[in-house]
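> Pasting the sequence and the predicted coordinates here, then a few questions.
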Amino acid sequence: MAKEGSKGVFDKEYSRRQFLKISGKGLAGVTMTAAMLSLFGCTQNEVDEELVSVTPLPIGLLVANRAKCVGCQRCETNCTLANDGKAMPTISRLRMRENLNVGEEGVTDNYRHGDGIYGVWNFGPTTCKQCKDPKCVAACPVKAISAHPETGTRVIDEEKCVGCGMCKNACPWHMPNVDPDTKKSTKCITCGACVAGCPTGALAIIDWKDIATAM
């Protein structure tokens, strides 16, 4: 990425603001430095082909590279094993299975040229966006969702949660889920279990200070 003025290194907050502008979108049109490409684990060609998307999180930048994803859904399994002690992809804090056929955007007139099995065989998960003004927080009737004091990640207080599912309904991506066993809502806490379990390196969480150094 081009540097502005005399800034040789971008600070953490500047980096996060820049990436918030393209949150959840491809990096197409952005020229990456060699250091950034190495840090992201991608090529400029993958960036240009809109195969790399980024989501700013409080702890760093989540990078999803659809060129590396094979749709194995291990990210979902590892998520629930780490957070719930059971393999239950239906309550995973990120979604892969729903995108396998036609991708995250669903069925479109151009689906044969899009992601998924019925398209060009590119795959990628839908993840919590950690929104600046989260609708899930505003919708919770018992104020069970708040920002973690250390990470800033929005987390659910299980003692307060009544499992009504209003957070899921309010979320534009319907990311929270209610566990049928505990009757409590679950959502991403940026623990990194999905990243650690990815066998191809399609997912990565990069610390803001490392991004600032590479830009």
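Arrived safely.

> make it CA atoms for all contacts and neighbour counts henceforth
Noted.

> And residue 199, its phi and psi?
phi -80, psi -20 (degrees, to the nearest 10).

> my bad, should have said residue 60
Dihedral pair for residue 60: phi 170, psi -160, per degrees, to the nearest 10.

> can I assume it is in contact with residue 207?
Yes - between residue 60 and residue 207 a contact is recorded at 4.4 Å, counting by C-alpha atoms under 8 Å.

> neighbour-wise, which of the two wins?
residue 60 (21 against 15; other C-alpha atoms under 10 Å).

> With residue 45 as the reference, measure out to the more buried one.
24 Å (C-alpha to C-alpha, to the nearest Å).

> Residues touching stretch 103-123, excluding its own?
Outside stretch 103-123, the residues that touch it by C-alpha atoms under 8 Å, 6 or more residues apart in numbering are 66-67, 69-71, 98-102, 124-126.

> now with 6 Å?
Applying C-alpha atoms under 6 Å, 6 or more residues apart in numbering, the external contacts of stretch 103-123 come out as 66, 69, 71, 100-102.

> likewise stretch 139-146?
137, 154-157, 160-161, 167.

> Nearest residue to the middle of the protein?
Computing the C-alpha centroid of the chain and ranking residues by C-alpha atoms, centre = their mean puts residue 127 first, at 3.6 Å.

> Counting neighbours, what do you get for the residue nearest to it when sequence neighbours are not counted?
Leaving aside its sequence neighbours, residue 127 sits nearest to residue 94 (C-alpha to C-alpha, 6 or more residues apart in numbering; 4.7 Å). Using other C-alpha under 10 Å, residue 94 is surrounded by 24 other residues.

> Buried residues of the helix or strand where residue 210 lies, list them for me.
Using DSSP states H and E, residue 210 sits within helix 208-214. Residues of helix 208-214 classed as buried by neighbour count (16 or more other C-alpha atoms under 10 Å): 208-209, 211-212, 214.

> now do stretch 49-65
For stretch 49-65, a neighbour-count test (16+ other C-alpha under 10 Å) marks 50-65 as buried.

> Tell me how many other residues surround the nearest residue to residue 58 once chain neighbours are set aside.
Of all residues not flanking residue 58 in the chain, residue 152 sits nearest, at 5.6 Å (C-alpha to C-alpha, 6+ apart). The tally of other residues near residue 152 (other C-alpha under 10 Å) stands at 15.

> Then residue 110?
Count around residue 110 with other C-alpha under 10 Å applied: 9.

> Residue 102 versus that one, what's the distance?
Remark: distance between residue 110 and residue 102 (C-alpha to C-alpha) = 10 Å.

> Likewise for residue 211?
Applying C-alpha to C-alpha to residue 211 and residue 102 gives a distance of 32 Å.

> Repeat that for residue 41.
Separation of residue 41 from residue 102 (C-alpha to C-alpha): 25 Å.

> which one of these two has more residues nearby?
Between residue 41 and residue 102, counting by other C-alpha under 10 Å, residue 102 is the more crowded of the two (24 against 17).
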